[in-house]
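Enquirer: with the input below, show me the fold.
(3 chains)
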Amino acid sequence: MLERQDGPLIIQSDMTVLLDCEHPLSEEARRMLILFAELVKRPGNWHTYKMSSLSLWNAASTGMDAATVIESLRKYARYGLPGVLETNIRTLMERYGELRLELSRHCLVLYGDDSLLDEIAGHPIILECLMERGTGGSWEVNPEYRGQLKQELIRLGFPVIDLAGYHTGEALSVSLRPLTLSGRSFELRDYQRQAVDLFYKEGTIQGGSGVIVLPCGAGKTIVGIAALARLNSATLILTSNATSVQQWKEELLDKTTLQPAEVGEYTGSSKEVRPVTIATYQILTHRKSKKDPFRHMRLFSERDWGLIIYDEVHLLPAPVFRMTADIQATRRLGLTATLVREDGCEEDVFSLIGPKQFELQWKTVEAEGHIASVKCTEIRVPMDQGISELYHSAEKRSRLRLAAENPGKVPVVRQLLERHEGTPTLIIGQYLDQLHSIAESLEVPVITGELPQNERQSLYEQFKSGDVPVLAVSKVANFAVDLPDAAVAIQISGSYGSRQEEAQRIGRILRPKEGRNEAWFYTIVTDDTSETEYAARRQMFLLEQGYQYELEKHQ
DNA sequence: CACGACGAAA
DNA sequence: AGGAGTTCGTCGTG
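Expert: You can find the predicted model right below:
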């Protein structure tokens, strides 16, 4: 069974794959692996990837088949492939496509082998969505349950390809401007055009719903705008916060022929419903108290939308999924920098928004120079003498906080500031006490939630102009779209193991730089404490994207 | 009416 | 599990 002795991958029958990072072919193997597997652990130089049904189906949806997966694994395997695993991959991947939803004489019909239809109909919850059984492997579906059916089937392990099509929606004439309002020439980048092409091909039934994955700074908004301009229909754009609503609006007016009167903001302060309407997830899910109805969900039916754009689809809240299940005949475009959610609703994204249509690796965009090249370093510092005793006698819960707020981090930050003097730098932390004390000893201004908007704005300005070279920021930095770009980020603490947060924070320094296009990300953690474990989890997403963290130990 | 402050929600 | 932040709607004030 030993076919080859020198590959970087050890492939195990439980669908996990170990990648030897020391191996000369490890980078090549990693690039192949992430097309259909996810990074789950990274102890030292062995990274553990796992293939799941969802990661395999997402691969299948972008056109990959089981034979290709198996072939690529075999190519890099150290000890060959366990037979069970091959069968597993085949079985799972072949499921993608076994069930199809199609429109047949104005009826929604589920097609599949009769035996398979028998099997799924054994589940009462599925049976509820079905109507009349047809002949030759077909079963009529209650169109109201198009979403629920897909959602439940994927939970049972059966992905459905939805070819039932979409309604066109209210027509709206829009096109992209070759010259923006601000006078710059504007053209889609190749990958942006490619993404839109995959999302919507005129005259075909395929596409029209799905997710496009692009790194921060790679122009997700532009892809959304281009999709809108391609479809030429009324569009609802849902996004994560108020600043982002404004940004979408500015971009739409700047880069398309849409007039101000055609673009509406639906937020707390204004409730405009226009041919293109931009709303926050928050307003959709707002209610006075639990048990009250969601009063703003009717926005979904307020107009005949031909397209709904879900910006930052990894943040989409559960009630919006429920609503989305009911509008499966409307085209849906999800945009995100990561398919990873911290709440495990990836399956719902797949079944209700749609499968992944396009993904661009961060490293690829970096190689093309559209984002800065980031050097990541994890710095381990020992526990400060003063609090060491406190730490050891503390409850498990407060330990993490003590480790995170370790005063021993301060001199390290000071060193880093000296090393990068003259480069715009952000110090990012999770605890207000820690931020205030560190900012005080380094004589650096701090931005937290309690600082009024206008004062934030003025600090942003000074930071942008270079008058203030270093800024300490709290969680406000995670979503503040208007925070200027920096070249160095120093993370002194973060929230538990949030992979998303780490990605967001690195996103802060990704904008292309003059000259060598370099940026630096430092994360400072206290050695020999649980903080190192959380740090490891946080780094997972970026490791998956091909970033490497250098480890630096301080005594 | 425009605003700022406040509590609730997720 | 927990800390920080945002947003919405309401209510009071000028």
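
Enquirer: count of neighbours near the residue of the stretch 251-400 of chain A found nearest DNA strand C?
Expert: The stretch 251-400 of chain A approaches DNA strand C most closely through A:Gly268 (2.7 Å), counting by Cβ to the nearest atom of the strand. In this view, the C-beta of every residue, glycine as well, is placed from N, C-alpha and C. Residues contacting A:Gly268 under the criterion other Cβ atoms under 10 Å number 11.

Enquirer: list the contacts for A:Arg504?
Expert: Not Arg; residue A:504 is Gln. In this structure, A:Gln504 makes contact with A:Cys216, A:Asn478, A:Phe479, judged by Cβ atoms under 8 Å, 6 or more residues apart in numbering.

Enquirer: A:Leu25 and DNA strand B, how far apart?
Expert: A:Leu25 sits 44 Å away from DNA strand B, going by Cβ to the nearest atom of the strand, to the nearest Å.

Enquirer: count of residues packed around that residue?
Expert: 16.

Enquirer: what about it, distance to A:Arg419?
Expert: For A:Leu25, the distance to A:Arg419 equals 34 Å [Cβ to Cβ, to the nearest Å].

Enquirer: DNA strand C contacts on chain A?
Expert: A:241-243, A:267-269, A:280, A:282-283, A:286, A:288, A:295-296, A:397, A:401, A:430-433, A:448-450, A:474-476, A:479-480, A:495-496 (Cβ under 7 Å from any atom of the strand).

Enquirer: contacts with DNA strand B among the residues you listed, please.
Expert: A:Lys288.

Enquirer: filter the residues of chain A next to DNA strand C down to the buried ones.
Expert: With burial judged by 16 or more other Cβ atoms under 10 Å, the buried subset of the residues of chain A next to DNA strand C is A:241-242, A:267, A:280, A:282-283, A:296, A:401, A:430-431, A:448, A:474-475, A:480, A:495.

Enquirer: and the least confident of the residues you listed?
Expert: The lowest pLDDT within these belongs to A:Ala480, with 80.

Enquirer: tell me the SS of the residue nearest to that residue when sequence neighbours are not counted?
Expert: Leaving aside its chain neighbours, A:Ala480 sits nearest to A:Thr243 (7.0 Å; criterion: Cβ to Cβ, 6 or more residues apart in numbering). For A:Thr243, the assignment made with DSSP: H, G, I helix; E, B strand; the rest coil gives helix.

Enquirer: and the pLDDT for A:Thr243?
Expert: 86.

Enquirer: that older thread, closest to DNA strand C out of the contacts of A:Gln504?
Expert: Nearest member of the contacts of A:Gln504 to DNA strand C, counting by Cβ to the nearest atom of the strand, is A:Phe479, at 5.6 Å.

Enquirer: ok, that closest one - contacts?
Expert: Counted by Cβ under 8 Å, 6+ apart, A:Phe479 has contacts A:Ser240, A:Asn241, A:Thr243, A:Gln504.

Enquirer: those helices in the stretch 451-555 of chain A, which residues are they?
Expert: A:453-465, A:476-479, A:499-507, A:531-544 (DSSP state H, counting those that start in this stretch).

Enquirer: out of these, deepest packed?
Expert: Among the helices of the stretch 451-555 of chain A, ranked by average contacts under mean count of other Cβ atoms under 10 Å, first place goes to helix A:499-507 (a mean of 22).

Enquirer: tell me how many other residues crowd the closest residue to A:His123 other than its chain neighbours.
Expert: Distance criterion Cβ to Cβ, 6+ apart; nearest residue to A:His123, sequence neighbours excluded, is A:Leu156 at 6.4 Å. As a burial measure, A:Leu156 scores 12 neighbours (other Cβ under 10 Å).

Enquirer: ok, now which ones touch A:Leu156?
Expert: Counted by Cβ under 8 Å, 6+ apart, A:Leu156 has contacts A:Ile120, A:His123, A:Ile126.

Enquirer: against DNA strand C, how distant is A:Glu514?
Expert: 29 Å.

Enquirer: burial measure for that residue, as a count.
Expert: 6.

Enquirer: now do it against A:Thr364, distance only.
Expert: From A:Glu514 to A:Thr364 the distance is 22 Å (Cβ to Cβ).

Enquirer: do the same with A:Tyr310
Expert: In terms of Cβ to Cβ, A:Tyr310 sits 23 Å off from A:Thr364.

Enquirer: so the two - more neighbours on which side?
Expert: Ranked by neighbour count (other Cβ under 10 Å), A:Tyr310 and A:Thr364 place A:Tyr310 first, with 26 against 17.

Enquirer: touching, A:Leu117 and A:Thr135? I think so.
Expert: No: the criterion here is Cβ atoms under 8 Å, and A:Leu117 misses it with A:Thr135 at 11.2 Å.

Enquirer: looking at these two now, which is surrounded by more residues?
Expert: Shown here are A:Leu117 and A:Thr135; by other Cβ under 10 Å, A:Leu117 has more neighbours (20 against 6).

Enquirer: host element of the closest residue in space to that one that isn't next to it in sequence?
Expert: In this structure, A:Leu117 finds its nearest non-sequential neighbour in A:Trp139, 5.5 Å apart by Cβ to Cβ, 6+ apart. For A:Trp139, the host element (DSSP states H and E) is strand A:138-141.

Enquirer: quick one: buried residues of that strand?
Expert: Buried residues in strand A:138-141, defined by neighbour count with 16+ other Cβ under 10 Å: A:Ser138, A:Trp139, A:Val141.

Enquirer: give me the number of neighbouring residues for the residue of chain A at minimum distance from DNA strand B.
Expert: Proximity of chain A to DNA strand B (Cβ to the nearest atom of the strand) peaks at A:Ser289, 3.1 Å away. As a burial measure, A:Ser289 scores 5 neighbours (other Cβ under 10 Å).

Enquirer: just A:Ala234 next, same as before
Expert: Neighbours of A:Ala234 (other Cβ under 10 Å): 23.

Enquirer: how close does it sit to DNA strand C?
Expert: For A:Ala234, the distance to DNA strand C - Cβ to the nearest atom of the strand - is 21 Å.

Enquirer: so what pLDDT did that residue get?
Expert: Looking at A:Ala234, its pLDDT is 98.

Enquirer: contact residues of the stretch 301-450 of chain A facing DNA strand B?
Expert: A:Pro317, A:Ala318.

Enquirer: and the pLDDT for the closest residue to DNA strand C within the stretch 301-450 of chain A?
Expert: Residue of the stretch 301-450 of chain A nearest DNA strand C, by Cβ to the nearest atom of the strand: A:Gly449 (2.9 Å). In this prediction, A:Gly449 carries a pLDDT score of 91.
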